[in-house]
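Participant: I need the structure of the sequence given here:
(2 chains)
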There are 2 protein chains.
Amino acid sequence: MNKEIIEQRLRNLQDNICQSLEQLDGEGKFQEDLWERPGGGGGRTRIIQGKVIEKGGVNFSAVHGKLSEPIRKKLKIESDDFFATGVSIVLHPHNPFIPIIHMNVRYFELNEDKWWFGGGIDLTPHYINTKEAAFFHNQLKNTCDKYHKDFYTRFKKWADDYFFIRHRNETRGIGGIFFDRLGPETGLTKEQLANFIIEVGETFIPTYVPLAKRNLSTTFNDQNKQWQGLRRGRYVEFNLVWDAGTKFGLETNGRIESILMSLPSQASWTYDYQAAPDSEEEKTLQLLKKEIDWLGYI
Amino acid sequence: MNKEIIEQRLRNLQDNICQSLEQLDGEGKFQEDLWERPGGGGGRTRIIQGKVIEKGGVNFSAVHGKLSEPIRKKLKIESDDFFATGVSIVLHPHNPFIPIIHMNVRYFELNEDKWWFGGGIDLTPHYINTKEAAFFHNQLKNTCDKYHKDFYTRFKKWADDYFFIRHRNETRGIGGIFFDRLGPETGLTKEQLANFIIEVGETFIPTYVPLAKRNLSTTFNDQNKQWQGLRRGRYVEFNLVWDAGTKFGLETNGRIESILMSLPSQASWTYDYQAAPDSEEEKTLQLLKKEIDWLGYI
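Facilitator: So this is what the prediction gives:
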C-alpha cells in the first residue's frame, strides 16, 4: 500500500466526516481554506461555526520535504526526507452537555522501509455521564478488537497518560485511545494498519453523533455555561502547555491557524475555583482520573 | 543589605500597591490567600475582581529550600540552597481601552556571594494609543535613568525579545522593561540594585493609574469587547507557550493558582481572524512589533 492511497483514503475520510457533521449541525457549513506548505505539500482546513457545533475544525494535510536537524533529533531519526498525511478534528459544541471531541489519524513515512501510523480519539465531556462514557469506550474497543486483542487496553492506557494535565493533576476528559509509531512490530501489515487508522476515523461519526443527538435539546443554565468555560480553559491549558502535537507545530513553524483551530471560541479562568460539594461539577472532577474502567459503567 | 530586608520591602510594596489599586477600582477589594510551600516559605496571593479590574492578582512570595537537580541544571547553578522573594502582578481590566499590565520584581539568592535581581513592567493595550505608550515608556525610562544610563535601552530591548509571541510573529503588547540576573557586573551595589527593583515596583502605580483613569469612562461596544477577547487569547498563548516563568512554575510544581492568576477571566479565539483594513484593530496589529521607539511618539 503506497502513500498516495493512504493520502486519498484520508481525504475521503475528511469529506465523509464533514458531510455527516453538517447533517448533524443542520445549519452550519464548513468553510474551506486550502493552503500550501512552503517546503512541500499542503492541506485543506475546514472550519464550521454552526447551531450545534460552536467551533469545529476538520483538517486534512499531506506534506513532504526535508526534516530539519532539530526535528530529526527530536524524532530520533536519521533520514531527512519525509512524508506525512493525516486528518485532525476538534469540535467544541454550544451545549455544555455535549462533549468536546478530538480525533487524529496520521501516517508518517521516511522511506519504503521506515514508516508508522498514529492517532486516536478522545472525549472531553464538560459533565461526565458514565453511561455515555461506557458507550464511547465500547465503540473504540469494538474497532480496536477487530485488529488486535491488545490494542484497546494498550491504547486506552496510552490516552490516559497522554491526555493528562500534569499541573492540575487531572485528565483532560475521559480519555479514549491514543497510539503512535505503530509499525510492523505490531504483527500487522502496513495494509492492516492503514485499514485500522481509517476504521478509527470511521468510528468517529457513529460514536459522536449519538452522543451529540442525545443532548441536542438538553436544557442548560448560566452555571452550566460557566462551567463549560472553565473546562474549556483546562482544554486550552492542556493544548498549549502539554500537547506534544501542538508544541511541535508551534516550534516548527507549522500552519498556526490550523494547529490552533483546536482552541474553543471562548474559555474562562476563575481564581481557585471550588466546585460545590456533591454538585455535578464536583462529580465530574472526581472522575477526571487515569485508570478508570469506563467499560464497567455499562 | 540582607535578604530579610529585601523581603520586607517587597511585602510593603505589595501592601502599598494593593491599597492604591483598591482606591482606583473604587469597589473591588483584594481577597488574600496565605499559602505555605511544602519545601519552605510561602506567600500571600491577593486577587481582586472589581468594577474597573475584572480580574487582577498581586502576589508576594518568599520561598527557600533545596534546588532539585533538574532545576539546578536549568538555571546552571551548582549550589543547592536557595532563597527567592518577589512580587508579581497581572491586571485584566473590564474596559478594552484600559490596557492589561504585568509587573514582577524579584530577588534570588544562593548564598552571600551569589545572588541576583530580576523583574520588569510591560503593558498590553488591547488598542494601542501611541501617546499613552510614550507616557508608559517615559515613566520606565525615568526610573531606569536614576540607576544606570544604559538600563532603559538594554531592558527595553530585553522586553521586546522576551514578550514576543514567536508562533504569531508579534509582540504581546508594547513591551516595557525586562531584566534578569542583575548582579555586581552592573557596577551597582547590592543595595543600589535592591533600591532599583523597589523603585521599579513603585513606578507601577503612578504609571498604571493615570492610564486607567484616562479611560475609565471611555465607551466601548461589542466589537471592542470581542477584540479584547481575542487579545486576551494571545495573552494566554504567550503565557502558556512561551513565558519562561510560567513554564518553570508549571514544571516544578509551583502553586498553580498563583501562577495562573495571570490568565484573564475570559479569552476568545476565532479561526483566522482578519482585522478590517484601516480599522483600529489593524492599526494595533501593525504596532505589535519589536524595536519601536515608543518614546518618539511623545
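
Participant: distance check, A:D278 against chain B.
Facilitator: Here A:D278 is placed at a distance of 23 Å from chain B (CB to the nearest CB, to the nearest Å). From N, CA and C alone the C-beta is placed, and that goes for glycine too.

Participant: likewise for A:E112?
Facilitator: 34 Å.

Participant: give me the neighbour count for that residue.
Facilitator: Using other CB atoms under 10 Å in any protein chain shown, A:E112 has 9 neighbouring residues.

Participant: what are the phi and psi values for it?
Facilitator: Main-chain torsions, A:E112, degrees, to the nearest 10: phi -60, psi -30.

Participant: what about the helices in the stretch 151-298 of chain A?
Facilitator: A:151-162, A:190-214, A:222-237, A:244-251, A:256-259, A:280-286 (DSSP state H, counting those that start in this stretch).

Participant: who's in contact with the nearest residue to A:R9 once chain neighbours are set aside?
Facilitator: Spatial nearest neighbour of A:R9, excluding adjacent residues (CB to CB, 6 or more residues apart in numbering or on different chains): A:I198 at 5.4 Å. Contact analysis of A:I198 by CB atoms under 8 Å, 6 or more residues apart in numbering or on different chains lists A:9-10, A:13, A:105.

Participant: now do the nearest residue to A:T143 once chain neighbours are set aside against chain B, distance only.
Facilitator: Excluding its sequence neighbours, the residue lying closest to A:T143 (CB to CB, 6+ apart) is A:T203, at 4.6 Å. Counting by CB to the nearest CB, the gap from A:T203 to chain B is 26 Å.

Participant: what's around A:T203, how many residues?
Facilitator: For A:T203, the neighbour count with other CB under 10 Å is 18.

Participant: just A:E32 next, same as before
Facilitator: A:E32 has 12 neighbours, counted by other CB under 10 Å.

Participant: so which of the helices of the stretch 151-298 of chain A comes closest to A:H92?
Facilitator: Closest of the helices of the stretch 151-298 of chain A to A:H92 is helix A:222-237, at 6.9 Å (criterion: CB to CB).

Participant: so can I have JSON lines of the helices of the stretch 151-298 of chain A showing mean pLDDT?
Facilitator: Output for the helices of the stretch 151-298 of chain A, formatted as JSON lines (pLDDT from 0 to 100):
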{"stretch": "helix A:151-162", "mean pLDDT": "98"}
{"stretch": "helix A:190-214", "mean pLDDT": "98"}
{"stretch": "helix A:222-237", "mean pLDDT": "98"}
{"stretch": "helix A:244-251", "mean pLDDT": "86"}
{"stretch": "helix A:256-259", "mean pLDDT": "94"}
{"stretch": "helix A:280-286", "mean pLDDT": "98"}
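
Participant: any chance of those in CSV, plus distance to B:F135?
Facilitator: Below are those laid out as CSV (distance: least, CB to CB, whole Å):
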stretch, distance to B:F135
helix A:151-162, 48
helix A:190-214, 52
helix A:222-237, 33
helix A:244-251, 34
helix A:256-259, 33
helix A:280-286, 44
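
Participant: quick one: closest of the ones you listed to B:A62.
Facilitator: Smallest distance to B:A62 across the helices of the stretch 151-298 of chain A (CB to CB): 26.9 Å, for helix A:222-237.

Participant: return the helix or strand in chain A with minimum mean pLDDT.
Facilitator: Of the helices and strands making up chain A, the lowest-confidence element is helix A:69-75, at a mean of 78, by mean pLDDT, DSSP states H and E.

Participant: and that helix, what's buried?
Facilitator: A:R72 (16 or more other CB atoms under 10 Å in any protein chain shown).

Participant: I'd like the next helix or strand past that helix.
Facilitator: Sequence-wise, the next helix or strand beyond helix A:69-75 is strand A:81-93, with elements assigned using DSSP states H and E.

Participant: quick one on the thing from earlier: surely the residue nearest to A:T143 touches A:H137?
Facilitator: No: under the criterion of CB atoms under 8 Å, A:T203 is not in contact with A:H137, lying 11.5 Å apart.

Participant: inside strands: which ones of the contacts of A:I198?
Facilitator: Among the contacts of A:I198, the members falling in strands (DSSP state E) are A:V105.

Participant: list, one by one, the residues from the stretch 101-250 of chain A near chain B.
Facilitator: Proximity of the stretch 101-250 of chain A to chain B, by CB under 8 Å from any CB of the partner chain, involves residues A:166-168, A:229, A:233, A:236-237, A:240-241, A:247, A:250.

Participant: just the buried residues of the residues you listed.
Facilitator: Neighbour-count burial (16+ other CB under 10 Å) is assigned, among these, to A:167-168, A:229, A:233, A:236-237, A:240-241, A:250.

Participant: name the SS class of the closest residue to A:R255 other than its chain neighbours, please.
Facilitator: Nearest residue to A:R255, sequence neighbours excluded (CB to CB, 6+ apart): A:W35, at 5.8 Å. At A:W35 the chain is in strand, as set by DSSP: H, G, I helix; E, B strand; the rest coil.

Participant: mind listing what A:I77 touches?
Facilitator: Each residue near A:I77 by CB under 8 Å, 6+ apart is listed here: A:67, A:110, A:114.

Participant: pLDDT added to those residues, as JSON lines?
Facilitator: JSON lines is the format used below for the contacts of A:I77 (pLDDT from 0 to 100):
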{"residue": "A:L67", "pLDDT": "82"}
{"residue": "A:L110", "pLDDT": "91"}
{"residue": "A:K114", "pLDDT": "91"}
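
Participant: and stretch A:31-51, how far from the chain's centre?
Facilitator: Stretch A:31-51 sits 17 Å away from the centroid of its parent chain (CA atoms, centre = their mean, to the nearest Å).
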